[in-house]
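**Student:** Fold the following, please.
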Amino acid sequence: MTVTWHTLDAHDWRAAVAGLSYGATAGIRAALARIARHDRDLNAFATVLAEEALDRAAELDEVAPADRGPLHGVPVAVKSEIDVAGVVTTYGTRANSTPATADARVVRLLRDAGAVIIGTTRMPEFGAWPYTETTGDGVTRNPYNRTRTPGGSSGGSAAAVAAGLVPLALGGDGGGSIRIPAANCGLFGLKPQRGRVSPAPHPHLWHALGTTGPLTRSVRDAALVHDLIDGNVDTDEHRAGPVGSLVAAAAGAATAPRQRIGVCLTPPAKTGRLHPEHAGAVRRAADRLRAAGHTVIDYDPHYPDPTAAFIPQFFAGIRSEAAEVEHPDRLERRTRNLVRLGSWVRTPVRRRAEKRGVRIARDLDRVWDDVDVLLTPTVPDRPGPADATVGRGALRTLLAAAGPVAYTAMWNVTGFPAAAVPAGTGTDGLPLSVQLVGPADGEERLVALAAELTG
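**Tutor:** Residues are numbered from 1 along each chain as shown. Down below sits the predicted model:
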């Protein structure tokens, strides 16, 4: 049987493995060959664990079919801010040098499900930017057009999935860092509710802003990963409420109760100008959902300004991670300047910003009295140049970063779940995307609607 591995999502990859003798090994060999062939141009991977991945695949090939997990033999890439045993957790820097002694909780859960961790992926230092580029490790490029950015900060994860190097990857989202690269690379990107996914062994990811989530080629893959990594440990600073199975939500989307969907083209942050093709993508998605029986209306949430809540937390996230590195002198000059620019964000300032975010979330709870889900653009403009931040200092990079987060950062401030959903291709040949946003613990709604939009 001939398998075109790079076209498969995780579900189909597992099925292909099951249909072959030594299928896990065959799949991992194919993935490693494709990484070797294509990643020299993309620069998606920071570390490729070739020998370890092949050893793991050989072990999996000895597992009886009845004992195989839901991700049996599936190669997974992991953003470099998430601990993988034996690999330096770089956070995109060259300022750490000691390998992690154990997997992060999410990595261990994926391994337990049969996944093969094939490597770690590029990100800007501390995930600060919606671009993926560092002074030491160069520029990560969009598989659809190598001159364009995959976005960031989970740009390496997105590029790896979009190029067919792996069928799924883990990312982190503190201001749009899953959804922006998902939008730029034609993927489904889920930012779960704050506190849904444990950041263990760490107590938080960028304090109240960040969360871990999947970047995938299909909604069903993201639903599966979500259900596998959902949960908390005692050391977590944030916890989400209960939510049902997203696998069930995706599978039952066509017969699920119809939703009230509010369409809003106005960004919460006035930092980017909406491209007409992005507005068109939202309108087409609205028409499709209306045809599926949902109630779809134009809706103005009257957004509060998130700036005073987001900016202090952004600086606090950077400063807290920079304070933990082993070799601060190896940080980029841009990052060191960013840490200095945020020196005013001491703990009391951060806590006030977090409380402001809670107030904004409570204010926006009124939205869910009127609609069940918001439908918006994911990003305002087309993917920028891959090298847009090369050579720029902290202030100029901050200005470049402001536009892409216009529609995404609000939902980190509030903690509400949000997802980027593929919506076709623009006239430039690059992907289009729309964003779905739901209330606290509303992931099931988002996944069901995304499954209808992409089905």
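**Student:** Going by neighbour count, which residues of stretch 106-126 are buried?
**Tutor:** Going by neighbour count (16 or more other Cβ atoms under 10 Å), the buried part of stretch 106-126 is 106-111, 113-126. C-beta here means a position set from N, CA and C on the backbone, and glycine is covered the same way.
**Student:** Okay, and which of those map to helices?
**Tutor:** Secondary structure defined by DSSP state H assigns 106-111 of the buried residues of stretch 106-126 to helices.
**Student:** and which of the residues you listed is nearest residue 56?
**Tutor:** Set against residue 56, the nearest of those by Cβ to Cβ is residue 111 (8.0 Å).
**Student:** Surely that closest one and residue 104 touch.
**Tutor:** No: at 10.7 Å, residue 111 does not count as touching residue 104 under the criterion of Cβ atoms under 8 Å.
**Student:** continuing past the one helix or strand in the chain whose mean pLDDT sits lowest, what's the next helix or strand?
**Tutor:** Using mean pLDDT, DSSP states H and E, the weakest-scoring helix or strand in the chain turns out to be helix 394-402, at a mean of 93. Using DSSP states H and E, the helix or strand that directly follows helix 394-402 along the chain is helix 410-414.
**Student:** Need the contact partners of that next one.
**Tutor:** Helix 410-414 has contacts (Cβ atoms under 8 Å, 6 or more residues apart in numbering) with 173-176, 191, 194, 209-210, 268-269, 303, 306, 309-310, 313, 357, 360-361, 364, 417-418, 437.
**Student:** and those residues, which are buried?
**Tutor:** The neighbour count (16+ other Cβ under 10 Å) marks 173-176, 191, 194, 209-210, 268-269, 303, 306, 309-310, 313, 357, 360-361, 364, 417-418, 437 as buried among the contacts of helix 410-414.
**Student:** From these, which land in strands?
**Tutor:** Within the buried ones among the contacts of helix 410-414, residues falling in strands by DSSP state E are 173, 191, 418, 437.
**Student:** Using TSV, lay out the residues you listed together with pLDDT.
**Tutor:** Below are these laid out as TSV (pLDDT from 0 to 100):
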residue	pLDDT
173	98
191	98
418	99
437	99
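**Student:** Can you say which two of those residues are spatially most distant?
**Tutor:** 173 and 437 (12.8 Å).
**Student:** what ranges do the helices span in the stretch 51-200 of the chain?
**Tutor:** 105-112, 155-162, 179-185 (DSSP state H, counting those that start in this stretch).
**Student:** now swap in the stretch 301-450 of the chain and tell me
**Tutor:** Using DSSP H, counting those that start in this stretch, the helices found in the stretch 301-450 of the chain span residues 307-322, 333-341, 347-364, 367-370, 394-402, 410-414, 443-454.
**Student:** got the angle between the fifth one and helix 333-341?
**Tutor:** Interaxial angle, helix 394-402 versus helix 333-341 (axes from the mean of the first three to the mean of the last three Cα atoms, to 10 degrees): 90 degrees.
**Student:** which helices and strands does helix 394-402 pack with?
**Tutor:** helix 333-341 (3 or more Cβ pairs under 8 Å, 6 or more residues apart in numbering; DSSP states H and E).
**Student:** Format the CA atom coordinates belonging to the helix it packs on as CSV.
**Tutor:** Presented in CSV, the C-alpha positions along helix 333-341 are these (Å, rounded to 0.1, in the frame of the first residue of the first chain):
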residue,chain,number,x,y,z
ARG,A,333,19.4,43.0,22.4
ARG,A,334,15.7,43.7,21.3
THR,A,335,14.5,41.4,24.1
ARG,A,336,16.8,43.0,26.7
ASN,A,337,15.4,46.4,25.7
LEU,A,338,11.9,45.1,25.9
VAL,A,339,12.5,43.9,29.5
ARG,A,340,13.8,47.4,30.4
LEU,A,341,10.8,49.0,28.7
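**Student:** how about that helix: buried residues?
**Tutor:** Result for helix 333-341 [16+ other Cβ under 10 Å]: buried residues 334-335, 338-339.
**Student:** ok, for residue 160, nearest residue in space, not its chain neighbours?
**Tutor:** Once flanking residues are discounted, residue 160 sits nearest to residue 44: 4.2 Å by Cβ to Cβ, 6 or more residues apart in numbering.
**Student:** OK, contacts around the one you found?
**Tutor:** 77, 121-122, 140, 150, 155-157, 159-160, 163, 165.
**Student:** Looking at the residues you listed, which one is closest to residue 329?
**Tutor:** residue 122 (21.8 Å).
**Student:** now the nearest residue to that closest one once chain neighbours are set aside: how far from residue 70?
**Tutor:** Residue nearest to residue 122 in three dimensions, not counting chain neighbours: residue 156, with 3.2 Å by Cβ to Cβ, 6+ apart. As for residue 156, its distance to residue 70 is 25 Å (criterion: Cβ to Cβ, to the nearest Å).
**Student:** With residue 300 instead?
**Tutor:** Residue 300 is 42 Å from residue 70, by Cβ to Cβ.
**Student:** Residue 93 too?
**Tutor:** For residue 93, the distance to residue 70 equals 34 Å [Cβ to Cβ].
**Student:** same thing with residue 317?
**Tutor:** Taking Cβ to Cβ, one finds residue 317 at 32 Å from residue 70.
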